[in-house]
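Participant: Quick one, structure for this:
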Amino acid sequence: MRVLRISHSATIAAWRGRERALRDAGDDVTLITAPRWHAGGVWVDLDARPDENVRSARTFFGRHPALFLYSPGPLWRALGEHWDVIDIHEEPFALSTAQVLLMRALRRDRTPVVLYTAQNIDKRYPVPFRWLERWALRTASGISACNTEAARIVERKGFSGRARVIPLGVDPVPDAASPDVPAEHATDGGITVGLLGRIVREKGLEPLVRAMQQEPRLRLRVGGEGGDRGFLETLAREAGVGDRLEVLGPIRPDRIGEFYRSVDVLAVPSIPTDSWTEQFGRVAVEAMAAGVPVVSSDAGALPDVVGGAGIVVPAGDADALAAALVDAAGPRRTELTAAGLVRAQQCSWESVAREYRGLYRTVSIARPSHGETEAADERGVEVIVVAYGAVEMLRRALAPVAGLPVTVIDNSSMPEIAALCEELGIRYIDSGGNIGFGAAVNRVLADRLVPDGDVLLLNPDAEFSADGIRQLHAALRARPDLASVGPAQVDLNGHAARTLWPFPTPLGSWMQAIGLGRLIRGPRFVIGSVLLLRAEALDQVGGFDERFFLYAEETDWAYRAHRLGWRHQEITGLHAVHAAGGTSTDPRRRESYFHASQERYFRKHFGTLGWQSARTAAFLGAAVRAVILPGERGHEARRRAALYRLGPVKVEQRFRSAD
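Facilitator: As a prediction, the model looks like this:
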């Protein structure tokens, strides 16, 4: 696989480990980076070996990670080559990200793009950065995030797929402390605490000095530079601990090992602010790789990075910090050092490269020219049924597929359904309450019977044979760009039911309102009563959005897959029987749930204005029909108009609050 990576921070040799590991694994990786960058308080010049395949691109317009641009020449030439993946290791809102995406568009290049994010505070950026971020998120085929919250934020902001949480990598630190031998200087009973990075108040300067006040054995060695260095020195002097403070200034990346060898424990006592919190804490993992115990606060991503391998204390709690530093350097040193080495190995460049290789293959597989067809029997199929009462109807759905790997998750918690599953030899899960269709499916996806298999979603009011599933599976695997397939459907009377629908849009709502819905063109999706999902698409898109309680969850999933390059298809030669709404006895409630999900869909993908346009079209269309249609059809139209006048989500909430 040919990968083009663009990253200003890769100027630092220690941070090019990902590229080295990817090449060692067999990928052809070309890196574009800055010839010079300011990091850790010092300027670092690019010094790449010939075998690293690194190209430099001068930066200008500033040195803030989000406010600089690359010299366009190297980018333009590189984007003219063939790549399987373009990995832009910059934030989605960064100017450099927009620059690369614009040049890619001018090149008419459709290579999948992977972005990176560390921003774990949900910020609303000013124009034009808000627009640039939205464009980048809608363009990206994949995103790597160095912490969980950053991944969830880009998903909420508009990324169509599942953002992968991949840690920042570290190299083994040369000449670092041995796990079994204290640091060289620690022979007088004192404890040398290391603090490495920017010297600013949010890095926990005040609680650290107060901890030194309370515990006379603590002395602080600081590596770094920053605007609050004078504040730190004054604070320490006024607290009476100035003689136990040593500020070394900026530490070059190639001297980091010496710094870690000189300390007994590393402190990362950061304090979150309204605009900043820790996004990863690379120094914590570096210290662990060096055999140095770590004590951190609970700011941002630190608990995920440090927890279990170090000691985590509440941010700003000087008492807890002092006790933890003494504990980490003394009684728990051996335990924490061993756990830290294990955690550091999870963040090794080899481990990080494996995660990136998986991400690259996921985003490139939906491209027909690069995908490979795969025989259906090379992958299994797992059937998931979300049950809610209607035991006999469920029996008819399960009987034809009982010989396959099947999981029934029961939103009604009925003993009769549990007994039916035991009778048929089917796995049964009690969801514990009516958690909704999407949430129930996601719970099963997190605990798969066939972890790498494709997934058939089967409604309890639908019937489809095991042989039909095999044929459906073969059709899915015959085309590498298919995310989902479904059979044609008939109702209980044998009448054909529509299975393939265009994605809802505001324009489509107006065409429906004036009676021209049959003229709507464009991509389509298959409804979810009998729906086979491709494992690779699930891996890239992720599970269902649980904000959709019932209905439209498959529409939303299919639309996100479509935006990532996947297609959906109805297999007309196969037929399933579907008793639509068979598990519901209240048509008004069912209607409110359906249209509330439509509202969520429009708000999510087209914003408030898109929803208001679609809502107006639906209301006017229903109001006109209420006047001209006689009898029950007119009554249904009046009810529909009232529903859209009040707002479907509000009406749904009334039904749910009455439960």
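Participant: Quick one: residues contacting Ala39.
Facilitator: Contacts for Ala39 (CB atoms under 8 Å, 6 or more residues apart in numbering) come out as Ser9, Thr11, Ile12, Pro253. For every residue, glycine as well, the C-beta is placed using N, CA and C.
Participant: where's the first one relative to Glu90, distance?
Facilitator: When you say that, I think you mean Ser9. Counting by CB to CB, to the nearest Å, the separation of Ser9 from Glu90 is 9 Å.
Participant: shared neighbours of those two, anything?
Facilitator: Pro65.
Participant: if you count what's nearby, which of the two comes out ahead?
Facilitator: Taking other CB atoms under 10 Å, Ser9 and Glu90 do not tie; Glu90 has more neighbours (25 against 17).
Participant: got a list of what the more buried one touches?
Facilitator: Glu90 touches Ile6, Ser7, His8, Pro65, Ala66, Ser96, Thr97, Val100, Leu115, Tyr116, counting by CB under 8 Å, 6+ apart.
Participant: which ones are touching the second one?
Facilitator: Contacts of Ser7 were listed using CB under 8 Å, 6+ apart, and they are Trp15, Leu31, Ile32, Thr33, His89, Glu90.
Participant: Repeat that for Phe61.
Facilitator: Leu67, Phe68, Leu69, Leu95.
Participant: just Leu533 next, same as before
Facilitator: Asp454, Val455, Leu456, Leu457, Ala483, Ser484.
Participant: In strands only, show me those residues.
Facilitator: The strands, defined by DSSP state E, take in Asp454, Val455, Leu456, Leu457, Ala483, Ser484 from the contacts of Leu533.
Participant: The fourth one touches Val530, doesn't it?
Facilitator: Right, Leu457. Yes. At 7.4 Å, Leu457 counts as touching Val530 under the criterion of CB atoms under 8 Å.
Participant: can you point me to the longest helix in this structure?
Facilitator: In the chain, assigned by DSSP state H, the helix with the most residues is helix 587-628.
Participant: Just the buried residues of the helix or strand just after that one, please?
Facilitator: Scanning forward in sequence from helix 587-628 by DSSP states H and E, the next helix or strand is helix 631-646. For helix 631-646, the neighbour count (16 or more other CB atoms under 10 Å) marks Glu636, Ala637, Arg638, Arg640, Ala641, Leu643, Tyr644 as buried.
Participant: what's the answer for stretch 465-474, then?
Facilitator: Per 16+ other CB under 10 Å, stretch 465-474 contains these buried residues: Gly468, Ile469, Leu472, His473.
Participant: Tabulate those residues in a markdown table, adding columns for secondary structure.
Facilitator: Formatted as a markdown table, those follow (DSSP: H, G, I helix; E, B strand; the rest coil):
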| residue | secondary structure |
| --- | --- |
| Gly468 | helix |
| Ile469 | helix |
| Leu472 | helix |
| His473 | helix |
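Participant: could you dump these to CSV with distance to Val490 and pLDDT?
Facilitator: What follows is the buried residues of stretch 465-474, written out as CSV (distance: CB to CB, whole Å; pLDDT from 0 to 100):
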residue, distance to Val490, pLDDT
Gly468, 13, 95
Ile469, 17, 96
Leu472, 16, 96
His473, 21, 97
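Participant: check contacts around the residue nearest in space to the middle of the chain.
Facilitator: The residue lying closest to the centre of the chain (CA atoms, centre = their mean) is Ala163, at 2.4 Å. Going by CB under 8 Å, 6+ apart, Ala163 touches Thr117, Gly142, Ile143, Ser144, Ala145, Ala150, Ala151, Arg152, Val154, Glu155.
Participant: Need the buried ones from those residues selected in ChimeraX.
Facilitator: ChimeraX command restricting the contacts of Ala163 to the buried ones, with burial defined by 16+ other CB under 10 Å:
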select :117,142,143,144,145,150,151,154,155
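Participant: Go through the contacts of Ala163 and say which is closest to Asn53.
Facilitator: Ser144 (20.6 Å; CB to CB).
Participant: And Glu372, what's its pLDDT?
Facilitator: Note on Glu372: pLDDT of 50.
Participant: How about Pro174?
Facilitator: Taking Pro174 on its own, its pLDDT is 54.
Participant: hmm, back to that, now for the contacts of Phe61, which pair is the farthest apart?
Facilitator: Most distant of the contacts of Phe61, by CB to CB, are Leu67 and Leu69, 8.7 Å apart.
Participant: which of those two has more neighbours?
Facilitator: Comparing Leu67 with Leu69 by other CB under 10 Å, the one with more neighbours is Leu69, at 18 against 12.
Participant: give the contact list for that one.
Facilitator: Thr59, Phe60, Phe61, Leu95, Ser96, Gln99.
Participant: So which of the residues you listed belong to strands?
Facilitator: Thr59, Phe60.
Participant: Which one (most neighbours) among the contacts of Leu69?
Facilitator: Neighbour max across these (other CB under 10 Å) = Ser96, 25 neighbours.
Participant: Which residues are in contact with that one?
Facilitator: Applying CB under 8 Å, 6+ apart, the residues near Ser96 are Ile6, His8, Ala66, Phe68, Leu69, Tyr70, Ile88, Glu90.
Participant: Leu457 and Val530: which is more packed in?
Facilitator: Using other CB under 10 Å as the criterion, Leu457 and Val530 rank with Val530 on top: 28 against 23.
Participant: Report the residue spans of the stretch 551-659 of the chain with pLDDT below the cut-off.
Facilitator: 581-585, 658-659 (pLDDT under 70).
Participant: shared neighbours of Leu67 and Leu69, which are they?
Facilitator: Phe61, Leu95.
Participant: Show the buried residues in the contacts of Ala39.
Facilitator: For the contacts of Ala39, buried by 16+ other CB under 10 Å: Ser9, Thr11, Ile12.
Participant: can you put the residues you listed in JSON lines and add pLDDT, distance to Gly227 and secondary structure?
Facilitator: Listed next are the buried ones among the contacts of Ala39 as JSON lines, based on pLDDT from 0 to 100; distance: CB to CB, whole Å; DSSP: H, G, I helix; E, B strand; the rest coil:
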{"residue": "Ser9", "pLDDT": "91", "distance to Gly227": "21", "secondary structure": "helix"}
{"residue": "Thr11", "pLDDT": "93", "distance to Gly227": "23", "secondary structure": "helix"}
{"residue": "Ile12", "pLDDT": "88", "distance to Gly227": "22", "secondary structure": "coil"}
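Participant: Go through those and say which is closest to Ala496.
Facilitator: Ser9 (57.6 Å).
Participant: Leaving out the residues flanking it, which one is nearest to the closest one?
Facilitator: The shortest distance from Ser9 to any non-neighbouring residue, by CB to CB, 6 or more residues apart in numbering, is to Trp15 (5.5 Å).
Participant: The longest strand along the chain - contacts with which helices or strands?
Facilitator: For the chain, the strand with the greatest residue count under DSSP E is strand 567-578. Contact partners of strand 567-578 among helices and strands, from 3 or more CB pairs under 8 Å, 6 or more residues apart in numbering; DSSP states H and E: strand 462-463, helix 466-478, strand 482-490, strand 524-526, helix 553-563.
Participant: can you tell which of these is closest to Val54?
Facilitator: That would be helix 553-563 among the helices and strands packed on strand 567-578, by CB to CB, at 32.8 Å.
Participant: now the angle between strand 454-458 and that closest one, please.
Facilitator: 150 degrees (axes from the mean of the first three to the mean of the last three CA atoms, to 10 degrees).
Participant: got a list of what the residue nearest to Asn53 when sequence neighbours are not counted touches?
Facilitator: In space, and not counting its chain neighbours, Asn53 is closest to Thr30: 5.2 Å by CB to CB, 6+ apart. Counting by CB under 8 Å, 6+ apart, Thr30 makes contact with Arg2, Val3, Leu4, Arg5, Asn53, Val54, Arg55, Ala78.
Participant: Make a markdown table from the helices and strands packed on strand 567-578 and add distance to Pro630 to it.
Facilitator: Output for these, formatted as a markdown table (distance: least, CB to CB, whole Å):
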| stretch | distance to Pro630 |
| --- | --- |
| strand 462-463 | 33 |
| helix 466-478 | 41 |
| strand 482-490 | 29 |
| strand 524-526 | 33 |
| helix 553-563 | 32 |
